[in-house]
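Enquirer: Quick one: sequence plus predicted model below, questions after.
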Amino acid sequence: MKFENTLSYAQQLDAQDPLHPLREEFLFPQQNGKPFIYLCGNSLGLQPKSAKEVLGKQLDNWQNLAVEGWFEGETPWMFYHKELKELMAPIVGAKPAEVCPMNTLTVNLHLLLVSFYRPDQKKFKIIMEAGAFPSDQYALESQVRFHGFDPEDAIIEIAPRPGEYTLRTEDITRIIAENADQLALVLFGGINYFSGQWFDMPAITKAGHDAGAIVGFDLAHAAGNVPLQLHDWQVDFACWCTYKYQNSGPGGIGAIFIHENHFADDQMNRFAGWWGYQESIRFKMEKGFIPEPGADGWQVSCTQVMPMALYHASLKIFEQAGFMEPLRKKSLSLTAYLIYVIGEVNATIGTEQYKIITPANENERGAQLSIIAKGDAKAVFNKLVENNVLGDWREPNVIRFGPAPLYNSFEDIYRAGELLLQLSREEAI
Ligand SMILES: Cc1ncc(COP(=O)(O)O)c(C=O)c1O
Ligand SMILES: Nc1ccccc1C(=O)C[C@H](N)C(=O)O
């Protein structure tokens, strides 16, 4: 596609974009009386305008029904998660029974590792990407120690080749195969938070299974961002947060996926709680845990109604958008335009001041582009924020921009590029 670096051209792309009106469904933060150009959906999605009303309804239910709200009213809380499951499933390519909203991401990762990381003296190793989000590193290290192994022996991190920023699938699958004898688990991010690289999840899953290992993913940066087919890809388990591309609010409800292949496995360990107990007889309060079939059987505590209400508000907008296919189509155009605009900034300055380390290949990236700037990148980043362009900064040297197709426009990208160019010129003087 041939782009132009003009405001009128960007506005024309917006006029042709069928999803453009959905921008009106969201609230943009303001600074100095002006809205931000918000390019940070990769960290925290924006608040849907409907969030207050949807949350308000549950506050009313609480006020009017109190404890009876669990079984009475329009949306009895006992079954509230079921409405969400139907809307979540198409976002990650799962059957509704395979997903469940619950807890928060790292907590869920621990709970799923209890079930899916079952090391023995022979097979105890875990393969993950080097530079995974710190919470995942800490979770895995502590799980390994919990089972009496040393993370130094048990965790194999796959790093980019020297001089490269991202991983090659051939290296990932080769290292998995080489370690087959001792490999218990492959646990990868779907998209790496730092580089923005979308890993070849089907290839990783297949390689892990060929090596006799379980394969799980942390989809914090992938769910609601790129099209996923967790069921068809035969992924064993996954977990994600919903506060990034799925706009459920800070500390929003987390979610899990358990492949139905595992539903009948009665050898599976789990850290059980009453909300995972068979729903129809849960309130008999009997001794001896009987799990509810499917992902719901991993629930521990009672439904977090208020965070789920906030997530529900956003899921309804995903439904309105037609779920992932139209969103992905727009997302690819937005990122392609951002790549073009950054290229124009570099070309105007006459040097590769801003280097995009996220793979250019569409199959290897989602909405987020990670950019390394020459010179004092932090100063540039701070000035962008002062001037109402909000991406985020990740140590030691990366600016991340994550245009979200639900609410970002081509004009946002044009304007962010215009400011980047202006700041870079000022910096050079
Ligand atoms: C890949 C990844 N894993 C884990 C986390 C931590 O999530 P939480 O704080 O919700 O447990 C995040 C984001 O903070 C993340 O991006
Ligand atoms: N949950 C947060 C709370 C505070 C600050 C950032 C986060 C993030 O989510 C960061 C994000 N996971 C990242 O990719 O850097």
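Expert: Everything's here; your move. This is a predicted model, so every value here is computed, not measured. Ligands and ions are numbered 1, 2, ... in the order given.
Enquirer: How about the residues of the stretch 51-200 of the chain by ligand 1?
Expert: Listed as neighbours of ligand 1 in the stretch 51-200 of the chain under the rule Cβ under 6 Å from any ligand atom: T104, L105, T106, F133, S135, D136, G189, Y193. All C-beta atoms are positioned from the backbone trio N, CA, C, and that covers glycine.
Enquirer: Specify which member of these is nearest to ligand 2.
Expert: Y193 (3.5 Å; Cβ to the nearest ligand atom).
Enquirer: Which residue is the nearest non-sequential neighbour of that closest one?
Expert: F133 (4.8 Å; Cβ to Cβ, 6 or more residues apart in numbering).
Enquirer: Is that neighbour in contact with L219, as I believe?
Expert: No: if you go by Cβ atoms under 8 Å, F133 and L219 don't touch, sitting 11.4 Å apart.
Enquirer: Overlap in contacts, those two.
Expert: Both F133 and L219 are in contact with G189, where contact means Cβ atoms under 8 Å, 6 or more residues apart in numbering.
Enquirer: between these two, which one's more packed in?
Expert: Comparing F133 with L219 by other Cβ atoms under 10 Å, the one with more neighbours is L219, at 28 against 18.
Enquirer: Report the contact partners of the residue lying closest to that one once chain neighbours are set aside.
Expert: Excluding the flanking residues, the one nearest L219 by Cβ to Cβ, 6+ apart is W240, at 3.8 Å. Contact analysis of W240 by Cβ under 8 Å, 6+ apart lists V92, L105, G190, D218, L219, A220, A222, A223, G254, A255.
Enquirer: next one: phi and psi at E83?
Expert: Backbone torsions of E83, given as degrees, to the nearest 10, read phi -60, psi -40.
Enquirer: Make a ChimeraX selection of the buried ones in the residues of the stretch 51-200 of the chain next to ligand 1.
Expert: To isolate the buried subset of these in ChimeraX, counting by 16 or more other Cβ atoms under 10 Å, use the following:
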select :104,105,106,133,136,189,193
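Enquirer: now, which of the residues of the stretch 51-200 of the chain next to ligand 1 lie within strands?
Expert: Taking DSSP state E as the definition of strands, those contribute G189.
Enquirer: Make a markdown table from the residues of the stretch 51-200 of the chain next to ligand 1 and add pLDDT to it.
Expert: As requested, these are exported to a markdown table (pLDDT from 0 to 100):
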| residue | pLDDT |
| --- | --- |
| T104 | 98 |
| L105 | 98 |
| T106 | 98 |
| F133 | 98 |
| S135 | 98 |
| D136 | 98 |
| G189 | 98 |
| Y193 | 98 |
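Enquirer: Which members of the residues of the stretch 51-200 of the chain next to ligand 1 additionally contact ligand 2?
Expert: Among those, proximity to ligand 2 is found for F133, Y193 (Cβ under 6 Å from any ligand atom).
Enquirer: For the protein, give me the ranges with low pLDDT.
Expert: Residues of the chain meeting the criterion pLDDT under 70: 428-429.
Enquirer: Pull out the buried residues from the top helix by length along it.
Expert: Across the chain, the longest stretch assigned as helix under DSSP state H is helix 324-349. Buried residues in helix 324-349, counting neighbours by 16+ other Cβ under 10 Å, are found at 324, 327-335, 337-346, 349.
Enquirer: With stretch 262-269 instead?
Expert: Quick answer for stretch 262-269 (16+ other Cβ under 10 Å): H262, F263, M268.
Enquirer: Make sure the residue nearest to L219 is indeed in a strand.
Expert: Yes: counting by DSSP: H, G, I helix; E, B strand; the rest coil, W240 is found in a strand.
Enquirer: How about residues contacting stretch 24-39?
Expert: Outside of stretch 24-39, the residues within contact range by Cβ under 8 Å, 6+ apart are 46-50, 247, 317, 320, 388-391, 401-403, 406-408, 412, 415-416.
Enquirer: What's the ChimeraX syntax to select whichever of those are buried?
Expert: A single ChimeraX command is used to select the members of these judged buried by 16+ other Cβ under 10 Å:
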select :46,47,48,50,247,317,388,389,390,391,401,402,403,406,407,408,412,415,416
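Enquirer: Please, where are all the strands along the stretch 151-300 of the chain?
Expert: In the stretch 151-300 of the chain, the strands defined using DSSP state E, counting those that start in this stretch lie at 155-158, 183-189, 214-218, 237-241, 254-258.
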